[in-house]
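Asker: Structure, please.
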Amino acid sequence: MIKQEATMAQVTRQIVEKSGIDINQLLDLLIRNAAAELTTFYYYTILRVNLTGLDGEGLKEIAETARIEDRNHFEALVPRIYELGGKLPGNMNAFHDCSACPPASLPANPNDIRAMLQVLVEAERCAVRGYNHLCNMTSGKDHRTFDLVSAILNEEIEHESWFSEFLGEGPSGHFMRKGETSPFVRKFLV
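Answerer: Presented below is the predicted three-dimensional model:
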């Protein structure tokens, strides 16, 4: 009798399950956060296009950095989802609707920069809460997922701080990055 080799997803799932993590809950959260990243990339595209005028132009570069990094977060999450034996929904509408965060939709008055900033900062705060939860769930148990979601969390905290400062909520100590995007997540991008 020939013993069949385990596939990568089987071994990875076994290791994660053995650590005490509910693999189905973890996959659900990873998929929902991947949906949030991709939908945020989409909605930030619309928001960025509408950042016009004297006040809006000052936000464009920051919104663009957050937009590109959210796309990178999506790209970094997808391989881990499949490594764990999960998969993305086959329908884009279902994927959008399962997002861990509400849509970062354009405010009713796209010329209201303060309303635009509120949409941006709330989207980032939702992401920070979601990745913090994933970090707590995987810390000391699933090292690969923890490393990934911790890297994303670092970038989401910076995004939130940038928009928060524009709202006048106080200094954060974070500065706009110069050069390449996704300094924490870069190592996960293929």
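Asker: Output the below-cut-off pLDDT ranges for the protein.
Answerer: Counting by pLDDT under 70, the chain contains low-confidence ranges at 1-6, 8.
Asker: Helices of that one, residue ranges please.
Answerer: 8-18, 23-49, 53-83, 92-97, 113-138, 143-166 (DSSP state H).
Asker: Quick one: closest of these to Gly179.
Answerer: Ranking these by proximity to Gly179 (CB to CB) places helix 53-83 first, at 10.7 Å. C-beta: built from backbone N, CA, C; applies to glycine.
Asker: Does anything pack onto that closest one? Which helices or strands?
Answerer: If you count contacts as 3 or more CB pairs under 8 Å, 6 or more residues apart in numbering; DSSP states H and E, helix 53-83 packs onto helix 8-18, helix 23-49, helix 113-138, helix 143-166.
Asker: Tell me the buried residues in stretch 141-154?
Answerer: Using 16 or more other CB atoms under 10 Å as the test for burial, stretch 141-154 gives Asp142, Thr145, Phe146, Leu148, Val149, Ser150, Ala151, Ile152, Leu153.
Asker: For stretch 68-86, list the C-alpha coordinates in PDB.
Answerer: Coordinates of each C-alpha in stretch 68-86 appear next as PDB, following Å, rounded to 0.1, in the frame of the first residue of the first chain:
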ATOM      1  CA  ILE A  68      -1.600  51.400  -3.500                       C
ATOM      2  CA  GLU A  69      -0.700  49.800  -0.100                       C
ATOM      3  CA  ASP A  70      -4.200  48.500   0.300                       C
ATOM      4  CA  ARG A  71      -3.900  46.800  -3.100                       C
ATOM      5  CA  ASN A  72      -0.600  45.400  -1.900                       C
ATOM      6  CA  HIS A  73      -2.200  44.100   1.300                       C
ATOM      7  CA  PHE A  74      -4.800  42.300  -0.900                       C
ATOM      8  CA  GLU A  75      -2.000  40.800  -3.000                       C
ATOM      9  CA  ALA A  76      -0.100  39.600   0.100                       C
ATOM     10  CA  LEU A  77      -3.200  38.100   1.700                       C
ATOM     11  CA  VAL A  78      -4.300  36.000  -1.200                       C
ATOM     12  CA  PRO A  79      -1.300  33.500  -1.200                       C
ATOM     13  CA  ARG A  80      -1.800  32.800   2.600                       C
ATOM     14  CA  ILE A  81      -5.500  32.200   2.000                       C
ATOM     15  CA  TYR A  82      -4.700  29.500  -0.500                       C
ATOM     16  CA  GLU A  83      -1.800  28.100   1.500                       C
ATOM     17  CA  LEU A  84      -4.400  27.400   4.300                       C
ATOM     18  CA  GLY A  85      -6.700  25.700   1.800                       C
ATOM     19  CA  GLY A  86      -9.100  28.600   1.400                       C
END
